[in-house]
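# model this:
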Amino acid sequence: MTIGVLKEPSEESRVSFLPETVTALTKKGVTVIVEPGAGEKAFHNDEEYVKAGAAIKSRTEIVQSSDILVAIHPFPEAAGLTAKIVIGVYQPLFNVPVMQQWAKQGLVTFSLDMLPRTTRAQSMDVLSSQANIAGYKAVLLAANTYGRYFPMFMTAAGSIAPAKLLILGAGVAGLQAIATARRLGAVVEVFDTRPAVKEEVMSLGAKFIEVEGAADASKAGGYAVEQSNDYQQRQQKRIGESIAKADIVITTAQIPGKKAPILITEEMLQTMRVGSVIIDLAAATGGNTPVTKNDQTVLYKGVHIIGNSNLAASMPSDASKLYGKNLLNFLQLIIDKEGKLNLNFDDDLVKGCCITNNGAVVHERVK
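So this is what the prediction gives:
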């Protein structure tokens with residue numbers, strides 16, 4: 001069994017495996033081959049991979065000779081492959097044509113962002129491990145951009161009021177953002193359509209904004225669901241009241257397979273004071289404001305709107321470490337104790353994130 005680790009595109013600093021993960025795999029009898037420079041942006045050079053038991057091979061050789069290819073993002077060489085297993089985070093609900101093409105080629109595709117969000121899957125949950133970092137970095141980015149203090153200061157020269165921070169979405173990123181913002185001394189309000197998260201929000205020292213009548217998300221596997229028009233109107237009114245007072249807004253709201261909901265309208269933006277900051281973590285799927293642009297900072301009437309859905313990559317070493325651990329835990333489901341491939345599609349986690357197999361798209365939601 002040979003696993004090939006590909007170098008990611010230039011804009012991505014993470015890598016699928018750090019040397020420590022390579023060591024764990026080689027102990028199981030798995031051969032690991034790594035593209036030159038694959039881990040450099042995550043602060044690990046080729047020598048470290050060799051010491052861990054990997055071989056450094058050219059990209060062409062890796063693509064041709066590996067049984068399993070690991071790459072976080074879709075890669076162009078996949079267009080010429082057949083009968084390979086590819087594992088990464090491929091956003092198949094947005095990349096349906098790519099998945100259809102890979103299916104025609106006979107690739108077996110596992111996309112870890114589609115894992116069922118169950119207790120058993122927590123050790124493989126790449127969305128959570130990366131969102132945790134994103135929530136942390138979102139607050140630090142906001143603090144660096146915001147031209148005023150976060151904490152309250154009382155000095156001989158006068159008092160400084162604490163920053164008011166609003167977080168839209170109390171998932172993993174949102175909860176980490178609360179904790180980080182509170183450590184920095186900000187006053188935090190949080191909105192989420194799921195009443196069940198109120199207790200977690202309040203336990204971290206934030207105020208929870210309630211809007212009654214949200215659609216039941218209990219059967220959505222931990223993901224957000226679309227809301228009724230009536231609810232959305234009441235939601236926008238309540239959010240608008242908080243945004244008018246907020247200095248910092250961090251938005252995280254996304255719905256799998258759909259454009260991110262607009263939670264902050266242009267009218268709301270116009271009520272924010274000059275110098276305010278919005279960090280939009282949903283930028284890759286359209287953003288939670290109508291003016292968000294992915295990987296860009298937009299200055300809208302004095303308000304900085306930073307669109308960044310890949311903040312985890314700004315901490316490449318730790319992000320790669322966590323991602324690699326998630327991936328290693330998943331690989332243990334498809335590789336037996338002798339280091340041989342064992343694709344058990346009776347396993348709900350293996351089946352749940354398999355997108356293409358036997359020449360077809362097999363994931364129900366992607367189909």
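# Find me the pLDDT at the residue of the chain most remote from its centre, would you?
Residue distances from the centre of the chain (CA atoms, centre = their mean) peak at Ala156, which lies 44.0 Å from the mean C-alpha position. At Ala156, the model reports a pLDDT of 93.
# One more: Glu226?
Residue-level pLDDT assigned to Glu226 equals 64.
# picking that back up, which residues touch the residue farthest from the centre of the chain?
Applying CB atoms under 8 Å, 6 or more residues apart in numbering to Ala156 gives no contacts. C-beta coordinates here come from the backbone N, C-alpha and C atoms, glycine included.
# Relative to Gly257, how far out is it?
56 Å (CB to CB, to the nearest Å).
# what about the closest residue to Ala282 other than its chain neighbours, distance to Thr180?
Ranked by CB to CB, 6 or more residues apart in numbering and with sequence neighbours excluded, the top spatial neighbour of Ala282 is Ala260, at 3.8 Å. As judged by CB to CB, Ala260 and Thr180 stand 22 Å apart.
# Tell me if I am right that Gly240 is in a helix.
Yes: assessed with DSSP: H, G, I helix; E, B strand; the rest coil, Gly240 lies in a helix.
# Now do it, the pLDDT please.
pLDDT recorded at Gly240 is 91.
# okay, now it: neighbour count?
15 (other CB atoms under 10 Å).
# Setting aside sequence neighbours, what's the nearest residue to it?
In space, and not counting its chain neighbours, Gly240 is closest to Met268: 5.0 Å by CB to CB, 6+ apart.
# buried set for the host helix or strand of that neighbour?
Met268 belongs to helix 266-269 when assigned by DSSP states H and E. By 16 or more other CB atoms under 10 Å, the buried positions in helix 266-269 come out as Met268, Leu269.
# Does the residue nearest to Gly240 touch Lys237 like I think?
No: counting by CB atoms under 8 Å, Met268 stays clear of Lys237, with 10.2 Å between them.
# So, low pLDDT: which residues of the protein?
Scanning the chain for pLDDT under 70 picks out 214-227.
# Would you map the helices across it?
19-26, 46-51, 59-65, 96-104, 126-145, 172-183, 198-203, 229-243, 266-269, 316-334, 348-352 (DSSP state H).
# Turn these into TSV, including distance to Val291.
Formatted as TSV, the helices of the chain follow (distance: least, CB to CB, whole Å):
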stretch	distance to Val291
helix 19-26	40
helix 46-51	43
helix 59-65	39
helix 96-104	27
helix 126-145	16
helix 172-183	21
helix 198-203	27
helix 229-243	14
helix 266-269	7
helix 316-334	28
helix 348-352	36
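# and the ones you listed, which is most packed in?
Across the helices of the chain, averaging neighbours per residue (mean count of other CB atoms under 10 Å) puts helix 172-183 on top, at a mean of 24.
# Would you mind getting the angle between it and helix 126-145?
Inter-element angle recorded for helix 172-183 and helix 126-145: 40 degrees (by axes from the mean of the first three to the mean of the last three CA atoms, to 10 degrees).
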